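*Asks:* give me a 3D structure for the following:
(chains A, B, C and D)
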2 protein chains.
Amino acid sequence: MTGDRKRPAGSVDVARLAGVSQKTVSRVFNNEPRVSGETRERVLAAARELGYRPNSAARALLTGRHYRIGVVSLGTAHFGPSSLLVALERAARRISYSLSVANSFEEDATGLKAAVDNLLVQGVDAIILSEPVDDEGGEPLVIDVPVLALGAAPVVQAPTVLSVRAAEGGDAAAEVTRYLLGLGHRTVHHIAGPPRWWAARERRHNWHDTLVAAGAEVPESRSGDWTARSGYELGRDLARDPDVTAIFAANDEMAIGVIHALHEAGRDVPGEVSVAGFDDIPVAAHVWPSLTTVGSDNAELAEVGLTYLTDFLNDPEHVPPAPPQHVHQMVIRNSTARPSA
Amino acid sequence: MTGDRKRPAGSVDVARLAGVSQKTVSRVFNNEPRVSGETRERVLAAARELGYRPNSAARALLTGRHYRIGVVSLGTAHFGPSSLLVALERAARRISYSLSVANSFEEDATGLKAAVDNLLVQGVDAIILSEPVDDEGGEPLVIDVPVLALGAAPVVQAPTVLSVRAAEGGDAAAEVTRYLLGLGHRTVHHIAGPPRWWAARERRHNWHDTLVAAGAEVPESRSGDWTARSGYELGRDLARDPDVTAIFAANDEMAIGVIHALHEAGRDVPGEVSVAGFDDIPVAAHVWPSLTTVGSDNAELAEVGLTYLTDFLNDPEHVPPAPPQHVHQMVIRNSTARPSA
DNA sequence: GGGGAGAATGTCTACGTAGTCATTTCGTGC
DNA sequence: GCACGAAATGACTACGTAGACATTCTCCCC
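*Replies:* Model prediction:
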């Protein structure tokens, strides 16, 4: 009945059907004020009949705005990045933006640049670096749209670089380390994340400084790759050392791997060795023993960061003075205890 | 030195600098054959100097192709969907497509429609439904681009609906159930996923049919929400029932929750109760006890599905006769064993 | 050296929308 | 009933690219 439409209806078709000019259709769909209620109704009815949908490409061509934000995530399905991505999409959609994703894969040295280029080519109004890594190559990444870095500001050259920082005194890694020392452990061993990652370096750094400040011996730390498997492998070495009574892993999955290794070696957790993780992944409360860890509210981080970013996009002159902050929350469960004896 | 460019360079600017026509620039950037090597060089040099990047919006406006694929994922950070998303992006980028994500949130009944609309508005060449859920409303979802359903074909009305199916005889849930029965368990209890989810229904269905085929009693199954917490809560009930000796959870996280509940109730796993999961998440090998589960190669699923889809987009007349298939692989670990006496 | 084929490049145009500015319509006061 | 400002609408145009078609150039052969 409606006739087959070879190509989708445009605002001109809607205008013809509604008996108005194309410009008026444009006005209706952009919620411009100078349109009478009756005309608006008529246009909307016509649009509905034709199944009209504004052409985003034409709009972007003309205005230069895409209403799309690119997110550089990492090529992993770890809980942190994944939940952040979900939260970002949700926050973006609420303000009528859409999200494009590009992953920077660990094994590919040029991954970050390739991911960013992929986003720039398709047209994005800004780029969010979720869990940034540093480019090893040394030459800074050139990005010609504003950048929001979540958690850190890596070496990028962009018109504007915004960031969401950890709250003052909210060094979560330090808090965990202090907590373990406070239980009576002589020192705390650390299993770090890959050093390329800003988050991994920061956690290691805070752990290190906390030990030094407390006058505790600083054991050598070794780096895993965030996976439970890497935690397991590094954990087997630690399990052999009877002096090890407390281990802080840079994320929960490695912590779970460490506990696995300790179990296998016959060392009780937390009886002989305390283990703490980082992230508070959903299973952390349900593994055996349940994991002491630090959670962060990724939903809020995404919401706050995205608002900060789009506020800037809408009014670049008016950069908020202070970047928003992000807080962590330690959760004490059963994988940590006072040292025996 | 390069002078400030208020707006980014276009192909016209490049053409002027290179001393050629705009159309020739277009040819170079589209790898068209009729361009001499020397001209190509000159154009590329000019483009480099100006920092030229083809305007995707203009191209999309003219050609109607966006080289962008929309993925409807779910608003969760579970391993299955997340790893699939990562794999899809990787596969898409390899063939010069980009990916837009929209999440359909569980709590929002209109989530699926809203997610799809968000994708359609921004312009995508096709939509991938990862882990589809059925719209409860009953009225089918109308999508005016081709759709690829991974794992199932939900009720959508689209010009083309492709799907990737489970391989023949690859009923992974059936395989797990048979395996548990084969160990000597009288029957197998099941903790299902949310019934809206196609995957949850299918696993439950296969579990059910396998029990019936084996002449085993079919216990009532209850549904969780994929989280470890829901598995824990449902598991507490099962832990009280001494007849329960084998439990098959619809995903690994719920299985971990179930084991938690059993531990708490003092029931040994796998000594008294065997528990199997589904997905083979990375920590499954490292929890205590390590988890018997079923893994699937999401990277391959993404690769195969995306190739199938883009082949179709490039040549719609030539639909491959049979949809590609997807295989699962059972991994037996320490959470399952023969029933004790 | 004229002709011709094919390679290389150019000209012109349309895609669908929103900005700019012009024009029409409406309501109000006198 | 006329002037006048504001509200409502319209006409025209540009955005950056690629398709269709035209034109020029190159090389080779008789």
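
*Asks:* use CA for all of it now, contacts and neighbours both
*Replies:* Fine.

*Asks:* strands along the stretch 101-250 of chain A, start to end?
*Replies:* With DSSP state E, counting those that start in this stretch as the definition, the stretch 101-250 of chain A shows strands at residue ranges A:126-130, A:141-142, A:147-150, A:156-157, A:161-166, A:189-192, A:222-223, A:246-249.

*Asks:* return the most buried member of those strands.
*Replies:* The highest average neighbour count among the strands of the stretch 101-250 of chain A, using mean count of other C-alpha atoms under 10 Å in any protein chain shown, belongs to strand A:246-249 at a mean of 28.

*Asks:* average model confidence for the helix or strand following that one?
*Replies:* Toward the C-terminal end, the helix or strand that comes next after strand A:246-249 (DSSP states H and E) is helix A:252-264. Helix A:252-264 shows a mean pLDDT of 97.

*Asks:* from B:S100, how far off is A:Y97?
*Replies:* Applying C-alpha to C-alpha, to the nearest Å, the value for A:Y97 to B:S100 is 11 Å.

*Asks:* those two: which is more packed in?
*Replies:* The neighbour count for A:Y97 versus B:S100, taken as other C-alpha atoms under 10 Å in any protein chain shown, is higher for B:S100 (25 against 18).

*Asks:* secondary structure class for that one?
*Replies:* Three states are possible here, and by DSSP: H, G, I helix; E, B strand; the rest coil the one that applies to B:S100 is strand.

*Asks:* that one bridge partners, please.
*Replies:* Under DSSP bridges, the beta-bridge partners of B:S100 are A:S100, B:G70.

*Asks:* show me the contacts for it.
*Replies:* If a contact means C-alpha atoms under 8 Å, 6 or more residues apart in numbering or on different chains, then B:S100 has A:98-101, B:68-71, B:119 as its contacts.

*Asks:* how about JSON lines for the residues you listed, with distance to B:D209 added?
*Replies:* JSON lines is the format used below for those (distance: C-alpha to C-alpha, whole Å):
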{"residue": "A:S98", "distance to B:D209": "42"}
{"residue": "A:L99", "distance to B:D209": "41"}
{"residue": "A:S100", "distance to B:D209": "41"}
{"residue": "A:V101", "distance to B:D209": "40"}
{"residue": "B:R68", "distance to B:D209": "40"}
{"residue": "B:I69", "distance to B:D209": "37"}
{"residue": "B:G70", "distance to B:D209": "35"}
{"residue": "B:V71", "distance to B:D209": "32"}
{"residue": "B:L119", "distance to B:D209": "38"}
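
*Asks:* and the stretch 1-150 of chain A, which residues reach DNA strand C?
*Replies:* Those residues of the stretch 1-150 of chain A that sit near DNA strand C, judged by C-alpha under 7 Å from any atom of the strand, are A:7-12, A:22-23, A:26-27, A:29-30, A:53-56, A:58-59, A:61-63.

*Asks:* now the buried members of the residues you listed.
*Replies:* Neighbour-count burial (16 or more other C-alpha atoms under 10 Å in any protein chain shown) is assigned, among those, to A:9-12, A:22, A:26-27, A:29, A:53-56, A:58, A:61.

*Asks:* from those residues, list the ones also adjacent to DNA strand D.
*Replies:* With C-alpha under 7 Å from any atom of the strand as the criterion, those include A:22, A:58, A:61 near DNA strand D.

*Asks:* up against DNA strand D, what does chain A have?
*Replies:* Remark: the part of chain A in contact with DNA strand D comprises A:19-24, A:33-36, A:38-40, A:58, A:61-62, using C-alpha under 7 Å from any atom of the strand.

*Asks:* ok, these vs B:E317, which is closest?
*Replies:* A:A58 (28.3 Å; C-alpha to C-alpha).

*Asks:* show the contacting residues for the nearest residue to that closest one once chain neighbours are set aside.
*Replies:* Taking C-alpha to C-alpha, 6 or more residues apart in numbering or on different chains as the measure, A:A58 lies nearest to B:L61, with 5.7 Å between them; neighbours along the chain are not counted. For B:L61, the residues meeting the contact criterion (C-alpha under 8 Å, 6+ apart) are A:55, A:57-58.

*Asks:* can you pull the contacts of the closest residue in space to A:L183 that isn't next to it in sequence?
*Replies:* In space, and not counting its chain neighbours, A:L183 is closest to A:R338: 4.9 Å by C-alpha to C-alpha, 6+ apart. Remark: with contacts taken as C-alpha under 8 Å, 6+ apart, A:R338 is in contact with A:183-185, A:274.

*Asks:* how many neighbours does A:E49 have?
*Replies:* A:E49: 12 neighbours (other C-alpha under 10 Å).

*Asks:* got the CA coordinates for the host helix or strand of it in CSV?
*Replies:* Following DSSP H and E, the helix or strand that holds A:E49 is helix A:37-50. Extracted in CSV, the C-alpha atoms of helix A:37-50 (Å, rounded to 0.1, in the frame of the first residue of the first chain):
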residue,chain,number,x,y,z
GLY,A,37,2.1,23.0,16.8
GLU,A,38,-0.2,22.0,13.9
THR,A,39,2.6,22.0,11.4
ARG,A,40,4.7,20.0,13.6
GLU,A,41,2.0,17.3,13.9
ARG,A,42,1.6,17.2,10.2
VAL,A,43,5.3,16.7,9.6
LEU,A,44,5.6,14.1,12.2
ALA,A,45,2.6,12.2,10.7
ALA,A,46,4.1,12.3,7.3
ALA,A,47,7.5,11.2,8.6
ARG,A,48,5.9,8.3,10.4
GLU,A,49,4.0,7.3,7.3
LEU,A,50,7.2,7.3,5.2
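
*Asks:* measure A:S163 to DNA strand D for me?
*Replies:* 29 Å (C-alpha to the nearest atom of the strand, to the nearest Å).

*Asks:* hmm, that residue is touching A:E131, no?
*Replies:* No. Using C-alpha atoms under 8 Å, A:S163 makes no contact with A:E131, being 11.4 Å away.

*Asks:* quick check: the residue in the stretch 201-341 of chain A positioned nearest to DNA strand C vs DNA strand D, distance?
*Replies:* For the stretch 201-341 of chain A, the nearest residue to DNA strand C under the criterion C-alpha to the nearest atom of the strand is A:N314, separated by 12.8 Å. Counting by C-alpha to the nearest atom of the strand, the separation of A:N314 from DNA strand D is 20 Å.

*Asks:* same check on A:P81?
*Replies:* If you measure A:P81 against DNA strand D using C-alpha to the nearest atom of the strand, the figure is 33 Å.

*Asks:* give me the neighbour count for that residue.
*Replies:* Neighbourhood size, A:P81 [other C-alpha under 10 Å]: 20.
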